[in-house]
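>>> sequence plus predicted model, see below.
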Amino acid sequence: MVGRRIFQKGHASISTYSSVAGAAPRRLALVLTGLAASGVVLFLFTSCFGRASSLTESSLDAMVSASAASNPVSSAASMAMKTVLPELEDGTTSSGLVHRSLSSNALQQSLPLLGQAEARLIHIYQLISQAERQEALKEAESLVSDYPNFHLANLVLGDLLSVYTRPIRQLGDVPDTKAIAATEQLEALREQSRRRLIALTERPPENSVPSQFLGLSTQSRHAIAVDASRSRLYLFENTQGDQKAAASHMKLVGDYYISVGQSGVEKTSEGDLRTPIGVYYITSSLDAAKLPDLYGSGALPINYPNALDLQRGKTGSGIWLHGSPSEQFARSPQASEGCVVLSNQDLETLLGKVKIRTTPVVIATELHWVTPEALTAERDKFEKTLEAWRTLKSQGKLDQLKTFYSSRFDNQGQKLAEWWPRIEGEVRTLGSRDLELKDLSVLNWRDKDDTMVVTFGEVPAGKIQGVTKRQYWMLEGKEWKIFNEGTV
């Protein structure tokens, strides 16, 4: 079945990979290095590191002057570099991220969260900012030697080599004939670098979490959140030791660059080249040995379309988190047909940590970061509704229980009238025993509707285990209603 699935028309990455006949990774790397020009590194660095609050106009002038002292840099290029700097801001972004200077101390806090290759690349940028170009060149050569298919690293190496040979005419100073031939590739690499750097200058506050994670049970040892606007995947470890669902025990342990669909996010239909947004779960793990080279180190499929997607008439399938082909270390920010694509190195980290069926994956256009305490009131309020549902089911009060279900209820084509006999049967089986909800996880998705994705173990009193259920609740007016439920 796997073989059939990976070649189906609707799979989310199948046509994004193209190889040049006879071109090995090293050859492609040399081509990219040859395209590099002296303005690119300074462009990448100043346009992104300039977001740090400590990088003022005077410090930029000093940086440009230091560069000019050892290499002729035109005044026009100096002015051009200033124009690409965004407005410097203090405090936090609208999404709750904190602006952080890339000083040595701040950088050291972030580097352990990154993939090894990305951490080394960022260190090279830091060396450039400190005018330590010889050391930067040495580190870049080492990085390219270890990862010859890391195209961005090759571009940076080319910049460091060419900066000694001629003055900068303009930002991205590639010879005209080569620039025309490789405009798209150069722009994609610049955007990739920009996003990698912004991810370090706009950081999640310590101990903060994405607003979707109201609470995770101990069964979910890890959780994943994807911010498509920043091309980042965040990996959390759930460190809580009790069964109480809470977000306060989520620890950020990984922060990785990713690529999404060619047309962006908000997938609605088969073949639209978009990555879906919503709350999902990993459903399986696919062995790289049984997959084409396109998927790199393996794949982690998710349950798109979920119940909310189906309620809204969305179509498509085959959305995976997967690795990169052998000729590419990483893809440009929007390069797949809908999958979330990581470097093989980063995917291997995920493969070694996450578990199928219990690992949630939140994919958002932009994540919003909050303190766990800010979610307490919302979680407690919803859990009161869930407790009322549990009590009525335990007591067998079917008429009142039915009021908790939406008229739009649908489970794989079964409407509420067709589903209700199943609930009646569960109540009869339960008898006079109380119903316990264990290992509760609550995730919130808010767009035009307010939705809760709730997973729990439904266990009759006196029993050690029961069935794992997942419910989708939607706020209709001022009342929460179940529009889908089923076993996991």
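That came through fine. These figures come from a predicted structure and were not determined experimentally.
>>> mean confidence for stretch 255-272?
For stretch 255-272, mean pLDDT rounds to 97.
>>> and the end-to-end length of it?
End-to-end span of stretch 255-272 (Cα to Cα, to the nearest Å): 28 Å.
>>> next, count neighbours for Leu386.
20 (other Cβ atoms under 10 Å). Backbone N, C-alpha and C define where each C-beta goes, glycine included.
>>> the one 4 residues further on too?
Taking other Cβ under 10 Å as the neighbour definition, Arg390 ends up with a count of 18.
>>> hmm, it is touching Leu435, no?
Yes. Taking contacts as Cβ atoms under 8 Å, Arg390 lies within contact range of Leu435: 5.7 Å.
>>> flag the shaky bits of the protein, pLDDT-wise.
Applying pLDDT under 70 to the chain picks out residues 1-90, 102-104, 164-181, 241-248.
>>> measure the residue lying farthest from the centre of it to Ala461 for me?
Ranked by distance from the centre of the chain (Cα atoms, centre = their mean), the top residue is Ser432, with 45.8 Å. Here the criterion is Cβ to Cβ, to the nearest Å. By it, Ser432 lies 9 Å from Ala461.
>>> how about Arg446?
Distance of Arg446 to Ala461, computed by Cβ to Cβ: 34 Å.
>>> one more: Arg274?
46 Å.
>>> is Ala119 part of a helix or strand, or is it coil?
Here Ala119 is helix, with the state taken from DSSP: H, G, I helix; E, B strand; the rest coil.
>>> mind listing the residues bridging to Thr455?
With DSSP bridges as the criterion, Thr455 is bridged to Ser441, Arg470.
>>> change the start of the numbering to 500 and stick with it
Renumbered: residue one is now 500, and that last one reads Thr954.
>>> does it touch Thr967 like I think?
Yes. Thr954 lies in contact with Thr967 (Cβ under 8 Å); the separation is 6.8 Å.
>>> give me the number of residues near Ser600?
For Ser600, using other Cβ under 10 Å, the count is 15.
>>> again with Leu620
Count around Leu620 with other Cβ under 10 Å applied: 24.
>>> any idea how far it is from Leu696?
The gap separating Leu620 from Leu696 is 10 Å, by Cβ to Cβ.
>>> also Asp771?
In terms of Cβ to Cβ, Asp771 sits 30 Å off from Leu696.
>>> tell me which of the two has more neighbours.
Leu696 (22 against 18).
>>> okay, and the more buried one sits in which element?
Using DSSP states H and E, Leu696 sits within helix 682-700.
>>> equivalent analysis for Leu809, please.
If you go by DSSP H and E, Leu809 is part of helix 806-810.
>>> that helix - contacts with which helices or strands?
With contacts defined as 3 or more Cβ pairs under 8 Å, 6 or more residues apart in numbering; DSSP states H and E, the packing partners of helix 806-810 are strand 777-780, strand 909-910, strand 966-975, strand 978-986.
>>> quick check: Cys838 touching Thr774?
Yes. Contact criterion Cβ under 8 Å: Cys838 and Thr774 qualify, at 7.1 Å.
>>> what number of residues lie near the closest residue to Leu915 other than its chain neighbours?
Spatially, and ignoring its direct neighbours in sequence, Leu915 is nearest to Phe908 (4.0 Å; Cβ to Cβ, 6 or more residues apart in numbering). Neighbour count for Phe908, taken as other Cβ under 10 Å: 20.
>>> and what of Gln711?
24.
>>> check contacts around it.
Residues near Gln711 by Cβ atoms under 8 Å, 6 or more residues apart in numbering: 724, 778, 861, 863, 866, 942-944.
>>> redo the residues you listed as CSV? Include secondary structure and distance to Pro832.
Output for those, formatted as CSV (DSSP: H, G, I helix; E, B strand; the rest coil; distance: Cβ to Cβ, whole Å):
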residue, secondary structure, distance to Pro832
Ala724, strand, 17
Val778, strand, 23
Val861, strand, 19
Ala863, strand, 15
Leu866, coil, 16
Leu942, strand, 26
Asn943, strand, 27
Trp944, strand, 23
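>>> of the residues you listed, just the buried ones, PyMOL syntax please.
With 16 or more other Cβ atoms under 10 Å as the criterion, this PyMOL line picks the buried residues out of the contacts of Gln711:
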select buried, resi 724+778+861+863+866+942+943+944
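>>> so which of the contacts of Gln711 comes closest to Arg632?
Leu866 (35.7 Å; Cβ to Cβ).
>>> related to what we said a few turns ago, check the offset of the next helix or strand after the helix holding Leu696 from the chain's centre.
Downstream of helix 682-700, the next assigned helix or strand under DSSP H and E is strand 701-702. Put simply, strand 701-702 sits 14 Å off its chain's centre (Cα atoms, centre = their mean, to the nearest Å).
>>> hmm, back to that, what's the spacing between the residue nearest to Leu915 and Glu690?
Going from Phe908 to Glu690 by Cβ to Cβ gives 43 Å.
>>> cool, Ala724 as well?
Remark: distance between Ala724 and Glu690 (Cβ to Cβ) = 21 Å.
>>> and Gly976, by the same measure?
Taking Cβ to Cβ, one finds Gly976 at 43 Å from Glu690.
>>> more neighbours: those two, which one.
Under the neighbour definition other Cβ under 10 Å, Gly976 and Glu690 were set side by side, and Glu690 has more, 15 against 6.
>>> which residues touch that one?
831-832.
>>> other SSEs contacting the helix or strand harbouring Glu925?
Per DSSP H and E, Glu925 falls inside helix 915-929. Applying 3+ Cβ pairs under 8 Å, 6+ apart, we find helix 915-929 packed against helix 875-894, helix 897-901.
>>> and that helix, C-alpha only, in PDB?
Extracted in PDB, the C-alpha atoms of helix 915-929 (Å, rounded to 0.1, in the frame of the first residue of the first chain):
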ATOM      1  CA  LEU A 915     -26.100  12.100  14.500                       C
ATOM      2  CA  ALA A 916     -29.300  10.000  14.000                       C
ATOM      3  CA  GLU A 917     -27.200   7.200  12.600                       C
ATOM      4  CA  TRP A 918     -24.500   7.600  15.200                       C
ATOM      5  CA  TRP A 919     -26.700   7.800  18.300                       C
ATOM      6  CA  PRO A 920     -27.500   4.100  18.500                       C
ATOM      7  CA  ARG A 921     -23.800   3.600  19.100                       C
ATOM      8  CA  ILE A 922     -23.800   6.000  22.000                       C
ATOM      9  CA  GLU A 923     -26.900   4.300  23.500                       C
ATOM     10  CA  GLY A 924     -25.100   1.000  23.300                       C
ATOM     11  CA  GLU A 925     -22.100   2.400  25.100                       C
ATOM     12  CA  VAL A 926     -24.300   3.700  27.900                       C
ATOM     13  CA  ARG A 927     -26.000   0.300  28.200                       C
ATOM     14  CA  THR A 928     -22.600  -1.400  28.400                       C
ATOM     15  CA  LEU A 929     -21.500   1.000  31.000                       C
END
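>>> buried sites along stretch 594-609?
594-599, 601, 605-606, 609.
>>> how long is that stretch end to end?
OK, stretch 594-609 end separation, Cα to Cα: 19 Å.
>>> ok now it, how far from the chain's centre?
19 Å.
>>> who has more neighbours, Arg773 and Ala960?
The residue with more neighbours, out of Arg773 and Ala960, is Arg773; 24 against 11, by other Cβ under 10 Å.
>>> please list all residues in contact with that one.
With Cβ under 8 Å, 6+ apart, Arg773 has these contacts: 760, 762-767, 837.
>>> mind listing what the residue nearest to Glu975 when sequence neighbours are not counted touches?
Using Cβ to Cβ, 6+ apart and skipping residues adjacent in sequence, the residue nearest Glu975 is Ser905, 6.4 Å away. Contacts for Ser905 (Cβ under 8 Å, 6+ apart) come out as 915, 973, 975, 980-982.
>>> brilliant, that's me finished.
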